[in-house]
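Participant: Okay, predicted coordinates and the sequence, questions at the end:
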2 protein chains.
Amino acid sequence: MDKVYIGIDLGGTNIKIGCFDSNVKLLGKTSVPTEADLGPEYVVGRIEEATKKLLEESGKGIDELCAVGIGTPGPANYAEGIIIRATNMPKFKNTPLRDMVSEKLGRPAILENDANVACWGEFVLGAGKDITDMVFFTLGTGIGGGIVSKGKLVRGSGGNGAELGHIIIYPDGQACNCGQKGCVEAHASASHTARRATEAIQAGKPSSLKKLLDQNGEITCKDVYEHLAKGDELAKQITDETAKALALVCVNMLHITEPKRIVFAGGMIGAGQVLLDRIKDYFNQYIWRLKSESVEICFATLGEDAGIIGAAALTLDELKMKNQAK
Amino acid sequence: MDKVYIGIDLGGTNIKIGCFDSNVKLLGKTSVPTEADLGPEYVVGRIEEATKKLLEESGKGIDELCAVGIGTPGPANYAEGIIIRATNMPKFKNTPLRDMVSEKLGRPAILENDANVACWGEFVLGAGKDITDMVFFTLGTGIGGGIVSKGKLVRGSGGNGAELGHIIIYPDGQACNCGQKGCVEAHASASHTARRATEAIQAGKPSSLKKLLDQNGEITCKDVYEHLAKGDELAKQITDETAKALALVCVNMLHITEPKRIVFAGGMIGAGQVLLDRIKDYFNQYIWRLKSESVEICFATLGEDAGIIGAAALTLDELKMKNQAK
């Protein structure tokens, strides 16, 4: 009887769940609305129900389930499996999610930062599968990060390491939601890329985006990249600023953990090759001359499945380590 | 017969050598001039001679020597034990130092970055001896760094990780010798602290340092801190800028590898508590508000011995790992 592993990516909007065999091969996946406003008990019930249904659909019984991995946004007490608070799930406060899920499903569970989990997915099966040292950024509303050093996640002393979105790149820069100034997130995230475009148009800069802003009252990062593709000059300039900010953190991360590859994921990579090329251009402009660097800067390859893959793969590794320690 | 280990700290001016037992207890140490201009062959001869003399003085024979650890400035190919080049030892170019020393002494040797080695010394026996996650900075002419994550040095994919002096903190800042702009080294190292003071005086800022500059044609970082202690306003302002730059990298490193402790070493910590206090003040001012942080910022405790201790301790660890793998 082959054991199966469940990987869960718990977001503010949807819960993604994947069922995997012991080679991290995807057997089946599902997605259900989080409905976080109904509270942790309800959400854990949804997870139980959806997991059992998914196991059934994958031709597996609950008795074949080995362990469950859950990725959630930080900050959290990962060692204890407790969500301290979650900006997009306000009813989750000091919620012992790991133990709640573990009890419902009757199996061991682990809780890990969502960006770490996606990073691990890419490392095991995606853009980092052939290397040992990787840095990972998810570019969404915020910017999350993950670091793999010599084949291990860098979790930090309290499990809140690799908060790479809050590296300060411009000390006198934009205020970030976290309370700092000039975080890379406050300059290069999707929401702040849209903000910069909006502010520029409001300041009178000509752009094909203006019509859209007038019509909708807002523009999104996706709009910026769509108009970039059509040749809008302002969209080009805004993208350049995003690329500059991301190149600066690439330079810094190279000097810190010296990855072989720096991988970008998240909705923003929909901007495509033009964004990647600009990041590389600025990286080459900013990087030192002491020695030539061969770090590769690239996009993730697993798309939205990275989270469930990474969560399942982490539980597998955890169990292996425990068995080795015995 | 108890085995002994040799730790070597190879600098541009002096070669420091320590003899240790298998508990990393110092049995004896020595220091000889490097005379790097006479070339690698000569320097390796000096190392052989001084090591044998030190073993004798420590009451040990060469037959009791187990292994040799060597710390050198980067960049180097540490995996192969080759110094690529060394700014303060121009005759060392693609020098296979590890194998040269190993052959002369007839024992296995390892080559490691000098800041990593000092970091490891502090981690094993000094300011980090009771923790698992640490970040380390040496503040000298340049700024070197080291990272310990879950009890292991973060060496990076090519052994040139933790080049923390080249983290860019001010993208439009001062030109650094490395070719980048705004590196923390270009703002907060001893030489750049002295440079800022010199430039301020030349620009007409009043200071008790002016007399010294007029007399000697230059001022050193040590002068700045001496005049700071005497209450000079300019020295205070210059120290503040240094502290600000160091606080910014502390914030960034907390978000990256989440150390339990950040340790400063090197000549500049002679400035004392006033520098440390200012770094902490700025850290508290810059750090996010998402959660409270308990990272400790402190000075190193081993002084100049950190390098030889770390080099010896690393060889011990390396041998242990090899024996475990057998």
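Facilitator: Good, I have the coordinates. Everything numeric in this text was worked out from a predicted model, so none of it was measured.

Participant: ok, the residue positioned nearest the centre of chain A - contacts?
Facilitator: Geometric centre of chain A, nearest residue: residue A:115, 3.5 Å, by CA atoms, centre = their mean. Shown in contact with residue A:115 (CB atoms under 8 Å, 6 or more residues apart in numbering or on different chains): A:136, A:138, A:144-146, A:162, A:164. Backbone N, C-alpha and C define where each C-beta goes, glycine included.

Participant: quick one: the strands in the stretch 101-250 of chain A?
Facilitator: A:109-113, A:134-139, A:143-149, A:152-153 (DSSP state E, counting those that start in this stretch).

Participant: now the last one: mean pLDDT?
Facilitator: Pointing back at strand A:152-153 there. Strand A:152-153 shows a mean pLDDT of 96.

Participant: quick revisit: excluding chain neighbours, give the residue nearest to the residue nearest to the centre of chain A in space.
Facilitator: Once flanking residues are discounted, residue A:115 sits nearest to residue A:144: 2.9 Å by CB to CB, 6 or more residues apart in numbering or on different chains.

Participant: Enumerate the residues of the stretch 151-300 of chain A near chain B.
Facilitator: A:152, A:154-164, A:166-171, A:176, A:178-181, A:248, A:251-253, A:255-260, A:286-291 (CB under 8 Å from any CB of the partner chain).

Participant: Let me see the contact set for the residue nearest to residue A:233 when sequence neighbours are not counted.
Facilitator: Spatially, and ignoring its direct neighbours in sequence, residue A:233 is nearest to residue A:207 (7.1 Å; CB to CB, 6+ apart). By CB under 8 Å, 6+ apart, the residues touching residue A:207 are A:197, A:200-201, A:227, A:232-235.

Participant: do the same with residue A:285
Facilitator: Contacts of residue A:285 (CB under 8 Å, 6+ apart): residue A:247.

Participant: my read: residue A:45 touches residue A:104, true?
Facilitator: Yes. Here residue A:45 reaches residue A:104: they are 7.5 Å apart, a contact under CB atoms under 8 Å.

Participant: quick one, which of the two is more surrounded?
Facilitator: Using other CB atoms under 10 Å in any protein chain shown as the criterion, residue A:45 and residue A:104 rank with residue A:104 on top: 17 against 14.

Participant: Report the separation between that one and residue A:80.
Facilitator: 18 Å (CB to CB, to the nearest Å).

Participant: same deal with residue A:148?
Facilitator: 23 Å.

Participant: Equivalent analysis for residue A:50, please.
Facilitator: 25 Å.

Participant: okay, the two: which has more neighbours?
Facilitator: residue A:50 (18 against 13).

Participant: tell me which element that one falls in.
Facilitator: helix A:40-57 (DSSP states H and E).

Participant: before we move on, the earlier item: to residue A:323, which of the strands of the stretch 101-250 of chain A lies closest?
Facilitator: strand A:109-113 (14.8 Å; CB to CB).

Participant: residues making contact with stretch A:296-306?
Facilitator: A:16, A:18, A:26, A:29, A:117-119, A:121-122, A:125-127, A:136, A:250, A:260-266, A:269, A:276, A:279-280, A:283, A:309.

Participant: Could you list the buried residues of it?
Facilitator: Under the neighbour-count criterion of 16 or more other CB atoms under 10 Å in any protein chain shown, stretch A:296-306 has A:297-300, A:302, A:305-306 buried.

Participant: can you check stretch A:261-281 too?
Facilitator: For stretch A:261-281, using 16+ other CB under 10 Å, the buried residues are A:261-269, A:271, A:275-276, A:278-280.

Participant: what's near enough to touch the closest residue to chain B within the stretch 51-200 of chain A?
Facilitator: Closest residue of the stretch 51-200 of chain A to chain B, CB to the nearest CB: residue A:156 (2.5 Å). Applying CB under 8 Å, 6+ apart to residue A:156 gives the contacts A:162, B:133, B:149, B:257-259.

Participant: Ranking by neighbours, what's the top pick from the residues you listed?
Facilitator: Neighbour counts for the contacts of residue A:156 (other CB under 10 Å) peak at residue A:162, which has 29 neighbours.

Participant: ok, that one touching residue B:253?
Facilitator: No. Residue A:162 lies out of contact with residue B:253 (CB under 8 Å); the separation is 11.7 Å.

Participant: The residue nearest to residue A:115: neighbour count?
Facilitator: 27.

Participant: Surely it and residue A:135 touch.
Facilitator: No. Counting by CB under 8 Å, residue A:144 sits too far from residue A:135 to count as a contact (11.9 Å).

Participant: Which neighbours do those two have in common?
Facilitator: residue A:164.

Participant: Which parts of the stretch 1-150 of chain A are helices?
Facilitator: A:40-57, A:97-105, A:114-125 (DSSP state H, counting those that start in this stretch).

Participant: From the contact counts, what lies against the first one?
Facilitator: Just to be clear, that refers to helix A:40-57. strand A:4-10, strand A:14-21, strand A:26-33, strand A:65-72, helix A:97-105 (3 or more CB pairs under 8 Å, 6 or more residues apart in numbering or on different chains; DSSP states H and E).

Participant: Over to the second one?
Facilitator: If you count contacts as 3+ CB pairs under 8 Å, 6+ apart, helix A:97-105 packs onto strand A:4-10, helix A:40-57, strand A:65-72, strand A:82-85, strand A:109-113.

Participant: Pipe these into CSV and attach distance to residue B:316 and mean pLDDT per row.
Facilitator: Converted to CSV, the helices and strands packed on helix A:97-105 look like this (distance: least, CB to CB, whole Å; pLDDT from 0 to 100):
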stretch, distance to residue B:316, mean pLDDT
strand A:4-10, 39, 97
helix A:40-57, 47, 97
strand A:65-72, 36, 96
strand A:82-85, 38, 89
strand A:109-113, 33, 96
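
Participant: any idea how far chain B is from residue A:37?
Facilitator: 22 Å (CB to the nearest CB, to the nearest Å).

Participant: Enumerate every residue touching that residue.
Facilitator: Applying CB under 8 Å, 6+ apart, the residues near residue A:37 are A:90-91.

Participant: And residue A:155, by the same measure?
Facilitator: So residue A:155 contacts A:78, A:116, A:161-162, B:150, B:258 (CB under 8 Å, 6+ apart).

Participant: Next: residue A:119.
Facilitator: A:134, A:136, A:145-148, A:153, A:162, A:263, A:306, A:310.

Participant: again with residue A:11
Facilitator: A:34, A:73, A:88, A:114.

Participant: Repeat the analysis, applying 10 Å as the threshold.
Facilitator: Residue A:11 sits next to A:31, A:34, A:36, A:71-73, A:86, A:88-89, A:114, A:140, A:307 when contact means CB atoms under 10 Å, 6 or more residues apart in numbering or on different chains.

Participant: Equivalent analysis for residue A:267, please.
Facilitator: A:138-141, A:190, A:220-222, A:225, A:304.

Participant: who's the closest residue to residue A:58 other than its chain neighbours bridged to?
Facilitator: In this structure, residue A:58 finds its nearest non-sequential neighbour in residue A:28, 3.8 Å apart by CB to CB, 6+ apart. According to DSSP bridges, the residues that bridge with residue A:28 are residue A:19.

Participant: Am I right that residue A:28 is in contact with residue A:50?
Facilitator: No. With contact defined as CB atoms under 10 Å, residue A:28 does not count as touching residue A:50 (11.2 Å).

Participant: State the distance from residue A:311 to chain B.
Facilitator: For residue A:311, the distance to chain B - CB to the nearest CB - is 21 Å.

Participant: how would you label that residue: helix, strand or coil?
Facilitator: helix (DSSP: H, G, I helix; E, B strand; the rest coil).

Participant: which residues sit in contact with it?
Facilitator: By CB under 10 Å, 6+ apart, the residues touching residue A:311 are A:5-10, A:16-18, A:20, A:68-72, A:109-112, A:114, A:116-118, A:120-121.

Participant: and if you look at residue A:116?
Facilitator: Going by CB under 10 Å, 6+ apart, the list of residues near residue A:116 reads A:71, A:74, A:78, A:136, A:144-148, A:153-156, A:159-162, A:310-311, A:314.
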